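**Student:** structure, please.
(one chain, ligands or ions: 3)
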Amino acid sequence: MKEADCYDKSTNGVVVMVEPYSQTEQIQQVVYRILDANLDRAREGLRIIEEWCRFGLNNAQLAAQCKKERQEIAHWHTAELRAARNTPGDPGTDLTHPQEEQRTSIKSLLQANFCRVQEALRVLEEYSKLYNPNMGKACKQMRYRIYTLESTLMGRHRQQLLLRSRLYLVTSPGDKLLETVEAALKGGLTLVQYRDKTADDTVRLQQAKKLRQLCHDYGAIFLVNDRLDLALAVDADGVHLGQQDLPIAIARELLGPHRLIGRSTTKAAEMQAAIAEGADYVGVGPVYETPTKEGKAAAGLEYVSYAAKNCSIPWFAIGGIDPNNVNEVIDAGANRVAVVRSLMQAEQPTLVTQFFLSQLISRMKPELGMSYV
Ligand SMILES: Cc1ncc(COP(=O)(O)OP(=O)(O)O)c(N)n1
Ligand SMILES: Cc1ncsc1CCOP(=O)(O)O
Ligand SMILES: [Mg+2]
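**Tutor:** Ligands and ions are numbered 1, 2, ... in the order given. Coordinates of the predicted model:
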């Protein structure tokens, strides 16, 4: 062993005389260090996910699952692996990617930490074959459980955000499409539907892509009206389907369990059918007649009151709602509203968004039909 081999950063360069390791022992130490570092990495990533389950989702069951996985990792983290740690001598501690310094949303933060845990478990699975094959097998099983947890959690993430969304912007075409949506997002909007009934598909695709990115930058849900193909093409969070659009069962088959499906309803029977078919939310309206949906009869405030008493999934009153009449709609029982013109034609969409949200939140009544909280 050369003198340089004894250089230890932790002793600031003072050469410490140590018993020389044989080559096999040196490799063993490297394996131990890899295992030690990745056990830490997996545990830390899980802790970050656990905190969201506990404090963000208030979901004791998911938090408990994360905790159980952390405990299993701790079980494999033996004293001999910890003893191999040499943090000051690890050249990887200074290596960061710019994306690690900033996360744009809870979703991207969770995604990054799921990746971190899965990568660490994969490394553990491989290197523990040189240490303890049972540990390798356990890490493999754990990695599969984490994949399942990820898909459960990321699916629920959309549902949770939907539950927290009080105001829903349905877009209309125009030169200021992106600008207006961004202004509303700045005001606290968390739910956007891209609706353009006439543009060419090339335009729709391009706009939907940009809107999806914009919404996700602000941590908002992005849905596409009518077009499931477009929703899939731009990796949207889901679709909104009317009574004349695709059946929910087919949409669910194509979109999978985690994307959101909304359904328009104008009467009780349509609402009950949408719930039975597995819609994630329903539109309730038109509350008032509106030029945005010309020729469609108003369902009225009575239907809003019916929804307040009977709807067991999140629902949005829609149709002719503006800052002057929103309190009437709230008084009829609505806690969530969807608008087109009130925001798309607003001179100050940020302020209008803030106004709607303040009314909806401060005047919100306990949800009578709400078995979905
Ligand atoms: C939230 C919400 N509710 C209702 C509708 C209307 O959907 P639909 O009846 O399919 O009519 P179009 O919007 O496709 O003209 C909606 N888009 N969003
Ligand atoms: C798409 C839709 N579905 C029922 S009413 C409506 C349009 C609502 O538009 P506005 O908010 O401009 O009245
Ligand atoms: Mg439609």
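**Student:** Arg204 is in what secondary structure piece?
**Tutor:** Using DSSP states H and E, Arg204 maps to helix 201-217.
**Student:** residue of this protein closest to ligand 1, please.
**Tutor:** Gly242 (1.8 Å; Cβ to the nearest ligand atom). All C-beta atoms are positioned from the backbone trio N, CA, C, and that covers glycine.
**Student:** checking the closest residue to that residue other than its chain neighbours next. Helix, strand or coil?
**Tutor:** In this structure, Gly242 finds its nearest non-sequential neighbour in Ser264, 4.3 Å apart by Cβ to Cβ, 6 or more residues apart in numbering. Here Ser264 is recorded as strand under DSSP: H, G, I helix; E, B strand; the rest coil.
**Student:** what residues are bridge-paired with Ser264?
**Tutor:** Per DSSP bridges, the residues bridged to Ser264 are Gly283.
**Student:** let me see the ranges of the strands in the chain.
**Tutor:** 167-170, 191-194, 221-225, 238-241, 260-265, 281-284, 315-318, 337-339 (DSSP state E).
**Student:** could those go into a markdown table alongside distance to Val352 and mean pLDDT?
**Tutor:** As requested, the strands of the chain are exported to a markdown table (distance: least, Cβ to Cβ, whole Å; pLDDT from 0 to 100):
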| stretch | distance to Val352 | mean pLDDT |
| --- | --- | --- |
| strand 167-170 | 10 | 98 |
| strand 191-194 | 15 | 98 |
| strand 221-225 | 19 | 97 |
| strand 238-241 | 21 | 98 |
| strand 260-265 | 22 | 98 |
| strand 281-284 | 20 | 98 |
| strand 315-318 | 16 | 98 |
| strand 337-339 | 9 | 98 |
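**Student:** buried deepest among those, which one?
**Tutor:** Highest mean neighbour count among the strands of the chain (mean count of other Cβ atoms under 10 Å): strand 315-318, with a mean of 30.
**Student:** outside of that one, which residues touch it?
**Tutor:** 168, 170, 264, 271, 281-287, 304, 307, 329, 332, 334, 336-339 (Cβ atoms under 8 Å, 6 or more residues apart in numbering).
**Student:** in the stretch 151-300 of the chain, which residue sits nearest ligand 3?
**Tutor:** Gly242 (3.3 Å; Cβ to the ion).
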